[in-house]
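K.L.:
After the sequence you'll find the predicted model.
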Amino acid sequence: MQPSEHTILLELVKAQMPFGKYKGRKIVDLPEDYLLWFKQKGFPPGKLGEQLALAYEIRSNGLEYLLKPLKRF
């Protein structure tokens with residue numbers, strides 16, 4: 001069963017970076033240049049890579065406002 005878009009976004013706003021300079025910071029709050037670096041170098045495999053890629057797309061398209069209501073949960 002595929003998770004719904006709502007579930008994916010809820011998981012994204014709760015997800016934290018598990019390693020590196022920004023360990024513990026929420027993925028949606030990572031600096032744009034860090035997300036761009038991952039895009040250029042290649043996102044890691046698995047769910048983390050999918051979440052980083054989604055965070056990059058949201059940020060690069062100016063759609064952060066879609067996440068604000070979800071951050072309350």
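P.N.:
Cool, got the structure.
K.L.:
what about Tyr56, neighbour count?
P.N.:
Look at Tyr56: counted by other CB atoms under 10 Å, it has 20 neighbours. No exception for glycine: its C-beta is placed from N, CA and C like everyone else's.
K.L.:
Tell me how far it lies from Leu36.
P.N.:
Using CB to CB, to the nearest Å, Tyr56 is found at 7 Å from Leu36.
K.L.:
And the nearest residue to Lys39 once chain neighbours are set aside, which helix or strand is it part of?
P.N.:
Spatial nearest neighbour of Lys39, chain neighbours left out: Tyr56 (5.4 Å); criterion: CB to CB, 6 or more residues apart in numbering. For Tyr56, the element it lies in under DSSP states H and E is helix 46-60.
K.L.:
In contact with Leu12, which residues?
P.N.:
Ile27, Val28, Gln51, Leu54, Ala55, Leu67 (CB atoms under 8 Å, 6 or more residues apart in numbering).
K.L.:
returning to what we had before: pull out the CA atoms of the helix holding Tyr56 and give them to me as CSV.
P.N.:
Only the C-alpha atoms of helix 46-60 are listed here, as CSV (Å, rounded to 0.1, in the frame of the first residue of the first chain):
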residue,chain,number,x,y,z
GLY,A,46,16.2,5.0,0.4
LYS,A,47,13.7,7.0,2.3
LEU,A,48,16.3,9.7,3.4
GLY,A,49,17.2,10.4,-0.2
GLU,A,50,13.5,10.6,-1.2
GLN,A,51,12.9,13.1,1.7
LEU,A,52,15.9,15.2,0.8
ALA,A,53,14.8,15.3,-2.8
LEU,A,54,11.3,16.3,-1.9
ALA,A,55,12.6,19.0,0.5
TYR,A,56,14.8,20.3,-2.4
GLU,A,57,11.8,20.4,-4.8
ILE,A,58,9.6,22.1,-2.3
ARG,A,59,12.2,24.7,-1.5
SER,A,60,13.4,25.3,-5.0
